[in-house]
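turn this into a model:
(one chain, ligands or ions: 4)
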Amino acid sequence: MPESTEGKVISCKAAVAWEAQKPLSIETIEVAPPKAHEVRIMITHTAVCHTDWYSWSGKDPEGIFPSILGHEGAGIVESVGEGVTGFKPGDHVIPLFVPQCKECDFCKHPKTNLCQKIRIQQGRGYMPDGTSRFTCKGKELKHYMGTSTFSEYTVVADISLCKAKLLLSQINPSAPLNTVCLLGCGISTGYGATVNTCKVEQGATVAVWGLGTVGLSVVMGAKVAGAKQIVGVDMIDEKLEAAKAFGVTHTVNPKTIDLGGKKLQEWLVENFNGGFDFTFDCTGNVGAMRQALESAHKGWGESCIIGVAAAGEEISTRPFQLVTGRVWKGTAFGGWKSVDSVPKLVDEYMNKKIQLDDFVTHRAEFDQINDAFDMIHHGKGLRTVLTVKDPSKF
Ligand SMILES: NC(=O)c1ccc[n+]([C@@H]2O[C@H](COP(=O)([O-])OP(=O)(O)OC[C@H]3O[C@@H](n4cnc5c(N)ncnc54)[C@H](O)[C@@H]3O)[C@@H](O)[C@H]2O)c1
Ligand SMILES: CCCCCCO
Ligand SMILES: [Zn+2]
Ligand SMILES: [Zn+2]
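Numbers count the residues shown, from 1 in each chain. Ligands and ions are numbered 1, 2, ... in the order given. I've put the predicted structure just below:
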């Protein structure tokens, strides 16, 4: 049994983002013990979400450097700070970039999951007390999205963490951390956008722009909800082909389709019975967002923005699109009240109501993190899951 590290600074490996667009550098960093209402976690596995790449690109105002990025991870509690009651060393956990304090006005409101308790400091790259737990070569490193999973050890607020199990059952030892880490962001988001934000119903028609992990989890949610038609839109033919296995019934490549001089949304409205009950943007491209809105059915169509556009980008449409009954909305983390919901998603996976395994197209070692960034940026595969610190090896 390794010597206890409780209360001590831990030196460990991390992928440091020193500057925007510079390859992440595997360094030895120091991780301070958790303060009150904080938890220190050994990260066993993490994936790379497109948002990690977006923040790394320098276009994200909350992409601060130097920092430890990463927000789609899972791990094991190493130690807890004063006042933490819901976690103990050894618990299997998933860090949450949307916290749930259950005290703020947002947590108390049924229409949102956007807990605001630690929002300001999290956006500044700090823990709730306004300081960092990370240093490297004498320099302070910022936190990211309140999770920073690109490190063998990280520290999160206790309201930004949930157990990888249902709240009422014992720890679900069979929940594989190397797969349920995906519930930390992309899959929970797309699935939640469908079942929470839009409440897609049996027999609905759906169109999804962007067939990456988020888009395909929208497709999975639409299938679970009983949609009768799911149109997938992507510019990469391999993505369109792969999407059929997830439940897409029709595919459209905006780059190659013959629109007869029409806009894509006009063509879709003409060829798909006046448009769709629900459309989703999972690209981050404001042009695609407009196509999605204007492909929603007149009178009742709803369009949901999930994609994160570059800072300063704006969306536009003619007001008449909304006057005639279309609804434009958006979602963060699929509307899930995170601490309460993610353990239930773990069980939905374990009970085969939703699937995660097919979203893992690559597995790699932590040192290969830059390859994973390159792959997500070039639309190769879906999720690469990195083994950060393998618990079986010590
Ligand atoms: N709102 C949230 O809570 C939340 C959560 C996770 C991810 N995101 C965002 O969702 C988006 C998707 O994330 P991901 O990890 O699935 O990314 P991804 O890169 O795996 O998938 C994006 C897909 O969109 C396609 N695409 C890009 N531009 C397009 C266009 N104009 N028309 C059609 N297809 C286009 C790409 O080919 C790719 O297949 C990103 O913007 C990400 O930042 C938001
Ligand atoms: C808060 C909405 C953006 C979060 C994107 C996570 O990938
Ligand atoms: Zn994400
Ligand atoms: Zn709250």
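
dump the residue contacts of Gly301.
Neighbour list for Gly301: Gly275, Phe276, Asp277, Phe278, Thr279, Ser295, Gly325, Arg326, Val327 [criterion: C-beta atoms under 8 Å, 6 or more residues apart in numbering]. No exception for glycine: its C-beta is placed from N, CA and C like everyone else's.

roughly how far does it sit from ligand 2?
23 Å (C-beta to the nearest ligand atom, to the nearest Å).

over to Ile118?
Distance, Ile118 to ligand 2, using C-beta to the nearest ligand atom: 13 Å.

with Leu183 instead?
Computed as C-beta to the nearest ligand atom, the Leu183 to ligand 2 distance reads 13 Å.

same thing with Glu270?
Counting by C-beta to the nearest ligand atom, the gap from Glu270 to ligand 2 is 34 Å.

likewise Met350?
Between Met350 and ligand 2 the distance is 24 Å, computed by C-beta to the nearest ligand atom.

how is the closest residue to ligand 3 within the stretch 201-350 of the chain assigned, secondary-structure-wise?
Proximity of the stretch 201-350 of the chain to ligand 3 (C-beta to the ion) peaks at Val214, 7.8 Å away. With DSSP: H, G, I helix; E, B strand; the rest coil as the basis, Val214 sits in helix.

quick revisit: neighbour-wise, which one of the contacts of Gly301 leads?
In terms of neighbours by other C-beta atoms under 10 Å, the contacts of Gly301 top out with Thr279 at 33 neighbours.

what mean pLDDT does whichever strand or helix holds it get?
For Thr279, the host element (DSSP states H and E) is strand 278-281. Averaged across strand 278-281, the pLDDT comes to 98.

contacts for that strand?
Contacts of strand 278-281 (C-beta under 8 Å, 6+ apart): 190, 193-194, 198, 200, 204-210, 215, 218, 222, 227, 288-289, 292-293, 295-296, 301-307.

which positions within stretch 70-82 qualify as buried?
Residues of stretch 70-82 classed as buried by neighbour count (16 or more other C-beta atoms under 10 Å): Gly70, His71, Glu72, Gly73, Ala74, Gly75, Ile76, Val77, Glu78, Ser79, Val80, Gly81.

distance of Tyr349 relative to Val224?
12 Å (C-beta to C-beta, to the nearest Å).

tell me which of these two has more neighbours.
Taking neighbours as other C-beta under 10 Å, Tyr349 and Val224 compare with Tyr349 leading, 21 against 17.
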